[in-house]
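Q: Fold the stuff below for me.
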Amino acid sequence: MKDEMNSMVNNQVWDLVELPKGAKVIGCKWVFKTKRDSSGNIERYKARLVAKGFNQHERIYYHDTFSHVSKNDSFRIIMALVAHFDMELHQMDVKTTFLNGDLEEKVYMKQLEGFITNGNDHIVCKLKKSIYGLKQASHQWYLKFHDVISSFDFIENVMDQCIYHKVSGSKIIFLIFYVDDILLASNDLGLLHEVKRFL
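A: The predicted structure follows:
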């Protein structure tokens, strides 16, 4: 739980403020998970702070909730290209995914029980980043990822907005985006490592 709270602080997820008059506040809670390795042994225990997004009302707390994910057919085509051209294939998982998305709306959340600073019981968290549980979290993360990957000269596929590619001479790299998982396929190991370093 302390690690998760440190992550919130390091990512500057919220500012502690007085609740403005007439503003609504949503709650939050802990979600606990046991991560296991491929043999079923306990690898680590994980605690995630989650906003009670079910209290959010459309047009007050959020506007868009959808997030693009790659289509199965697109994935199959990329895998066929990888096999046919003997391309390198790497998988990446984004840590604290939704904390990368910036919030556009004003969302106030109660402080977490057990982590309230003494004498600040009346203060609330004004969210700057989209945390897990918010209805718009997935959409905000997609927008942030799209902006960042486009700035690195990746081009979005017109038929599938979660497939990107980048061409540099005879080198090509494909990126498949699926919420917090990223697949990279390239015919050049150097380009693949360059993209991984950037990400």
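Q: Show me where the chain has its strands.
A: 14-18, 25-26, 28-36, 42-51, 88-93, 108-109, 123-127, 155-156, 163-168, 171-178, 181-186 (DSSP state E).
Q: do you know which of these lies nearest Phe115?
A: Phe115 lies closest to strand 42-51 among the strands of the chain, at 9.1 Å (Cβ to Cβ). For glycine as for every other residue, the C-beta is placed from the backbone atoms N, C-alpha and C.
Q: want to try TSV for the strands of the chain, with mean pLDDT, distance to Lys2 and mean neighbour count as columns?
A: Putting the strands of the chain into TSV (pLDDT from 0 to 100; distance: least, Cβ to Cβ, whole Å; neighbours: other Cβ atoms under 10 Å) gives the following:
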stretch	mean pLDDT	distance to Lys2	mean neighbour count
strand 14-18	90	17	13
strand 25-26	86	23	17
strand 28-36	90	12	11
strand 42-51	88	9	14
strand 88-93	94	22	12
strand 108-109	88	19	20
strand 123-127	90	17	20
strand 155-156	95	39	14
strand 163-168	95	36	17
strand 171-178	94	30	20
strand 181-186	94	27	20
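Q: Adding distance to Asn72 as columns, could you present those strands in a markdown table?
A: Output for the strands of the chain, formatted as a markdown table (distance: least, Cβ to Cβ, whole Å):
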| stretch | distance to Asn72 |
| --- | --- |
| strand 14-18 | 37 |
| strand 25-26 | 35 |
| strand 28-36 | 27 |
| strand 42-51 | 28 |
| strand 88-93 | 17 |
| strand 108-109 | 36 |
| strand 123-127 | 34 |
| strand 155-156 | 18 |
| strand 163-168 | 12 |
| strand 171-178 | 10 |
| strand 181-186 | 13 |
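Q: right, so of those, which gets closest to Ser74?
A: Minimum separation from Ser74 across these (Cβ to Cβ) falls at strand 163-168, 5.1 Å.
Q: who's in contact with the spatially most central residue of the chain?
A: Centre of the chain computed as the mean C-alpha position; nearest residue by Cα atoms, centre = their mean is Thr97, 2.5 Å away. Thr97 sits next to 141, 179-180 when contact means Cβ atoms under 8 Å, 6 or more residues apart in numbering.
Q: Filter the residues you listed down to just the ones in helices.
A: Trp141 (DSSP state H).
Q: neighbour-wise, which of the contacts of Thr97 leads?
A: Counting neighbours by other Cβ atoms under 10 Å, the top entry in those is Trp141, with 22 neighbours.
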